[in-house]
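Novice: Quick one, structure for this:
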Amino acid sequence: MRKSLLIAEDEEVTLSLLRKVFRRPDLDVHEARTGTEALQHIDQHPVDVILTDLKMPGADGLAVLAHARKVRPGAEVILMTGHATVESAVNAMKMGAFHYITKPFSVDEVVPLVDRALELTSVRKENVSLRSLVRGRGGLDNIIGVSEEIRHVLGLVRKVADTDSTVLVTGESGTGKELVARAVHYLSPRAERMLVPINCSAIPADLLESELFGHVKGAFTGAHAARAGKFEVAHHGTIFLDEIGEMSPHLQAKLLRVLQEKSVTPVGGNRAIPVDARVIVATNKDLDEEVAEGRFRADLYFRLNVIPIRIPPLRERRDDIPVLVAHFIARYNREKGRALEGIRPEALEILTRYPWPGNVRELENLVERVVVLKGSGWIEPEDIPERIRRAERFLKAALPVLGESGMDIRTATEDFENTLIRQALHLAAGNKNRAAALLGLKRTTFVEMLKRKNLDLAEPAGPSS
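Specialist: I've put the predicted structure just below:
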């Protein structure tokens, strides 16, 4: 798809140079020799990138920028001037300029800037059709629940959405951290710009820096062209850094600098690019513990932990389970063309008592599976997977019964505690972090407890029947 560049410049020498530099088959180049001509072109023609002088007859570059922001909000504007002042630079960036370049400039300086701006507008165009779909999944209506715990989360989202404060979303896997991030973005003044999510644990550490901050042509083997990073793509929008606890110490230091200076330096580059992106991060790790263990920078943690929002695990908001089950039944009936009527009270009681180590995601997957496979009628207890029903029976069997002969309460308490520990390890498939979370303990406390009790972790977690 061909892209459009408007060059607004009243100096013929500079205009001639730029005309020659950007004469290429993938680009339609238009010229304006006064600010008035630039404003008319913006009114009459779509444009992707505007490269405009600051001082021109008719209207200056700031007027062109302001008009473009109003008429062509998807366009990026780069200002150039031989009369650089701190005040004009600050004004330009506050008004939404992509970048600010001073004369005289080199071709190697201006071409990568324009190319990155063109790439950003291209990305936005490709996401226009997706944005309406994603936005439909981004409101508070998509965070389902009636419990006091989830109402508290929703209240925090409403309070922070209209600010630019950094938000740290914490919670176990499957609790809905990305839903909260989307709600914050789509309730904010930045809702019309992009929400750019990136999973820090899904990209190898040696590639994540380029993904976040971009790279210049030739920065490394395979870098055949300059590429904008996620922070640039999120300019005037929001960047969501999921699983921030998995980021390497090297990148933690670079991220801290970006947050402090509000600019990024692409890999292989030596010029900082201003970025205005709201930052939302999420993790399922205990960052206090990560800092204490030296795995996460304390200064970065304090920079990120401005507005903390903790998403409670499903076992702490059991009142929401009936509401979630009804929501997922309705959703997958609609999406999968099924006609399930609902769930029997006995089956719902089993689901309500289960601790859900996989949280809302685990519950949603279960309901989807039952809706697809059963198709109609009611969800009965026998439709619930055996592992969940076994956990229910095991918990009932583990409860001690006081008889006339009495019992040693210390021994009974110790036995019950051991039983719960083994059950937690069973439900967490041996993962000590998740097992500790199921019991409301820190991992270090849980590990010390295992050592003290000398538990055989290979023992089965309960009866096989």
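Novice: residue ranges of the strands in the stretch 351-465 of the chain, please?
Specialist: For the stretch 351-465 of the chain, the strands defined by DSSP state E, counting those that start in this stretch occupy 376-379.
Novice: low-confidence ranges in it?
Specialist: 391-405, 407, 456-465 (pLDDT under 70).
Novice: Recalculate using a threshold of 50.
Specialist: 458-465 (pLDDT under 50).
Novice: Report how many residues lie close to the closest residue in space to Val21 that isn't next to it in sequence.
Specialist: Leaving aside its sequence neighbours, Val21 sits nearest to Val107 (CB to CB, 6 or more residues apart in numbering; 5.5 Å). Placement of C-beta: from N, CA and C, glycine included. Number of residues near Val107 (other CB atoms under 10 Å) recorded here: 11.
Novice: cool, and Gly268?
Specialist: 15.
Novice: just Val275 next, same as before
Specialist: 22.
Novice: if we can go back for a sec, the residue nearest to Val21 and Ala428, how far apart?
Specialist: 58 Å (CB to CB, to the nearest Å).
Novice: Also Asp115?
Specialist: Distance from Asp115 to Ala428, by CB to CB: 48 Å.
Novice: next one: Phe446
Specialist: 10 Å.
Novice: Spit out the residues that contact these two alike.
Specialist: Ala435 (CB atoms under 8 Å, 6 or more residues apart in numbering).
Novice: what bridges to Ile273?
Specialist: Val264 (DSSP bridges).
Novice: Could I get the full set of strands for the stretch 101-250 of the chain?
Specialist: Under DSSP E, counting those that start in this stretch, the stretch 101-250 of the chain gives strands at 167-170, 195-199, 238-242.
Novice: out of the ones you listed, which comes closest to Ala228?
Specialist: strand 195-199 (10.6 Å; CB to CB).
Novice: outside of the closest one, which residues touch it?
Specialist: Here strand 195-199 makes contact (CB under 8 Å, 6+ apart) with 134, 138, 178, 181-182, 185-186, 211-212, 230, 233-234, 237-243, 277.
Novice: Now do the buried residues in it.
Specialist: Buried residues in strand 195-199, defined by neighbour count with 16 or more other CB atoms under 10 Å: Leu195, Val196, Pro197, Ile198.
Novice: Adding distance to Leu259 as columns, could you present those residues in TSV?
Specialist: Formatted as TSV, the buried residues of strand 195-199 follow (distance: CB to CB, whole Å):
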residue	distance to Leu259
Leu195	18
Val196	16
Pro197	18
Ile198	15
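Novice: Greatest separation within those residues: which pair is it?
Specialist: Leu195 and Ile198 (10.9 Å).
Novice: before we move on, the earlier item: can you tell me which of the buried residues of strand 195-199 is nearest Met80?
Specialist: Val196 (27.2 Å).
Novice: Next, the contact list for the residue nearest to Val114 when sequence neighbours are not counted, please.
Specialist: In this structure, Val114 finds its nearest non-sequential neighbour in Val49, 5.9 Å apart by CB to CB, 6+ apart. Val49 is in contact with 3-6, 75-78, 98, 114, 117-118, 121, counting by CB under 8 Å, 6+ apart.
Novice: Who is Val49 paired with across the strands?
Specialist: Per DSSP bridges, the residues bridged to Val49 are Leu5, Glu76.
Novice: ok, it to Val216 distance?
Specialist: 18 Å.
Novice: do Arg369 as well
Specialist: 48 Å.
Novice: okay, those two: which has more neighbours?
Specialist: A count of neighbours by other CB under 10 Å puts Val216 above the other of Arg369 and Val216, at 21 against 13.
Novice: Look at that one and report its pLDDT.
Specialist: Here, the pLDDT recorded for Val216 equals 84.
Novice: mind starting the numbering at 30 from now?
Specialist: All right, first residue 30 from here; so that's Val245.
Novice: which residues sit in contact with it?
Specialist: Pro141, Ala252, Ala255, Pro295, Val296, Gly297, Gly298 are the contacts of Val245 under CB under 8 Å, 6+ apart.
Novice: Burial check on the third one, number of neighbours?
Specialist: Put plainly, it is Ala255. Around Ala255 there are 21 residues (other CB under 10 Å).
Novice: any idea how far it lies from Leu237?
Specialist: Taking CB to CB, one finds Ala255 at 18 Å from Leu237.
Novice: Same check on the fifth one?
Specialist: To Leu237, Val296 is 11 Å away according to CB to CB.
Novice: When these two are compared, which one has more neighbours?
Specialist: Leu237 (23 against 20).
Novice: That concludes my questions; thank you for your assistance.
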